[in-house]
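Undergrad: Need a 3D model of the following:
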Amino acid sequence: MDARDDRLEMADALARQRQAESRAASALIQAFVSDAVAAGLAPETLTARTYDGRSRVRTSVTGWYLKRDRSVGVGTDGSFYVLSTPGGLRERLRGAHLSPADPPLELGRGARDGESLPLDEALRKRLAGGDSWG
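TA: As a prediction, this is how the structure comes out:
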């Protein structure tokens, strides 16, 4: 095997690991949505922060924020969303269209100290906080 083959094998292993993590995170999110609905936790229309950080725009996603800074959320459809958008004129007028993202098992991984949070803990805190959470 040469170095190129080693790099390809490592990339494949990393991709498999990320897919497995995403599947596990998706299962946690699906359970959260069921629990939130059963607990009567009212979903809301989520907003996304513009890339420049100056404002927030409404989105077409209804769900729950997972972090107090409202940077990520879960839709009622069980999808995970990173709540950021370019924030051009179109988004400001019509709202932002967000696509679901692959959920991580740790929110904010690689962020500054104290800014990462395990997904299961964030979901537990959000559910325990009820409607007064945010």
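Undergrad: my guess is T76 contacts G63, does it?
TA: Yes. Between T76 and G63 there is a contact under Cβ atoms under 8 Å: 5.2 Å. Using the backbone N, CA and C atoms, a C-beta is placed for each residue, glycine as well.
Undergrad: overlap in contacts of those two?
TA: Residues touching both T76 and G63 by Cβ atoms under 8 Å, 6 or more residues apart in numbering: P43.
Undergrad: of the two, who's got more company?
TA: G63 (22 against 13; other Cβ atoms under 10 Å).
Undergrad: That one and G75 touch, don't they?
TA: Yes. With contact defined as Cβ under 8 Å, G63 counts as touching G75 (4.0 Å).
Undergrad: list residues touching both of those two?
TA: L46, Y81.
Undergrad: Give me the helices and strands touching the host helix or strand of W64, please.
TA: Element membership of W64 [criterion: DSSP states H and E] is strand 56-65. Under the contact definition 3 or more Cβ pairs under 8 Å, 6 or more residues apart in numbering; DSSP states H and E, strand 56-65 sits against strand 44-50, strand 72-75, strand 80-82.
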